[in-house]
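Chemist: can you look at this prediction? I've put the sequence above it.
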Amino acid sequence: MNFEKEITVTVSFSKDELIKFFDVNNYKRVDNYVVDDIYYVPNEMDLKLNSLEVLKKSILVRSIDDKKHYLMYKYKEYDANENIIKQGKSKVQVTNKDDANEFLKTMGYKELIRIVDYIDVYEKEGLQICVEDVNDKYLFIEIEENEKYNTMEKMINALESTGINYDKNNYFVKKAKIIFEEKYRNN
């Protein structure tokens with residue numbers, strides 16, 4: 001399993017304002033792609049459990065630009081405030097997402113949620129910022145560790161120094177939890 005550090009925050013800018021911010025401040029767009037994740041859980045899973053407990057049991061079928069497909073498991077440990085203290089993922093590439101979906105259903109899993117994430121990656125001076133437009137409804141930015149920004153403190157300080165307006169109360173926004181609760185809790 002590959003362990004990693006990252007922060008994800010909710011952005012106060014609109015997507016257009018954020019793109020303009022990057023242009024004005026000389027960030028270069030270095031990548032863009034679409035990640036389509038379908039989360040599955042065992043058929044017998046009690047969806048009334050704590051959201052994070054349900055999501056811990058999920059397996060994903062991930063498709064990137066509808067070209068690369070993976071079966072994936074995301075591992076996360078949380079502190080008492082639901083901050084992520086350790087996370088990692090394990091994945092295996094598959095040739096066909098439809099076959100992967102069918103395989104999970106055959107093995108006794110049901111579809112839980114779907115997250116379609118339109119990602120644009122901007123870079124300046126070694127800091128890569130992923131703009132994530134999730135399900136055409138939520139806008140987040142994510143920073144993953146690299147050689148220069150290899151601690152949470154360095155990532156948070158780098159984000160703070162950009163001047164981007166974001167929610168400083170939560171550096172560990174959980175996209176899957178938001179989508180899960182929107183579907184199963186807010187009815």
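Modeler: Looks like it came in fine. Residues are numbered from 1 along each chain as shown.
Chemist: residue contacts, the nearest residue in space to Lys5 that is not next to it in sequence?
Modeler: Of all residues not flanking Lys5 in the chain, Glu145 sits nearest, at 4.2 Å (Cβ to Cβ, 6 or more residues apart in numbering). All C-beta spots, glycine's among them, are computed from the backbone N, C-alpha and C. Glu145 is in contact with 4-6, 151, 155, counting by Cβ atoms under 8 Å, 6 or more residues apart in numbering.
Chemist: adding pLDDT and neighbour count, write those residues out as CSV.
Modeler: Shown next, in CSV, are the contacts of Glu145 (pLDDT from 0 to 100; neighbours: other Cβ atoms under 10 Å):
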residue, pLDDT, neighbour count
Glu4, 87, 11
Lys5, 89, 17
Glu6, 94, 15
Thr151, 92, 10
Met155, 96, 22
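Chemist: sitting in helices, which of those do you find?
Modeler: Among the contacts of Glu145, the members falling in helices (DSSP state H) are Met155.
Chemist: now, the contacts of Glu145 that are in strands?
Modeler: If you go by DSSP state E, the contacts of Glu145 have Glu6 in strands.
Chemist: for the closest residue to Leu127 other than its chain neighbours, give its distance to Asp23.
Modeler: In this structure, Leu127 finds its nearest non-sequential neighbour in Ala158, 5.1 Å apart by Cβ to Cβ, 6+ apart. Computed as Cβ to Cβ, to the nearest Å, the Ala158 to Asp23 distance reads 19 Å.
Chemist: who has more neighbours, those two?
Modeler: Ala158 (18 against 12; other Cβ atoms under 10 Å).
Chemist: surely that one and Asn146 touch.
Modeler: No. Taking contacts as Cβ atoms under 8 Å, Ala158 lies outside contact range of Asn146: 10.3 Å.
Chemist: listing partners with orientation, what would you give for the helix-or-strand element of the chain with minimal mean pLDDT?
Modeler: Sorting the helices and strands of the chain by mean pLDDT, DSSP states H and E puts strand 2-3 at the bottom, at a mean of 83. Strand pairing for strand 2-3, determined by DSSP bridges: strand 84-94 (antiparallel).
Chemist: buried residues, the partner strand. List them.
Modeler: For strand 84-94, the neighbour count (16 or more other Cβ atoms under 10 Å) marks 84, 87, 89, 94 as buried.
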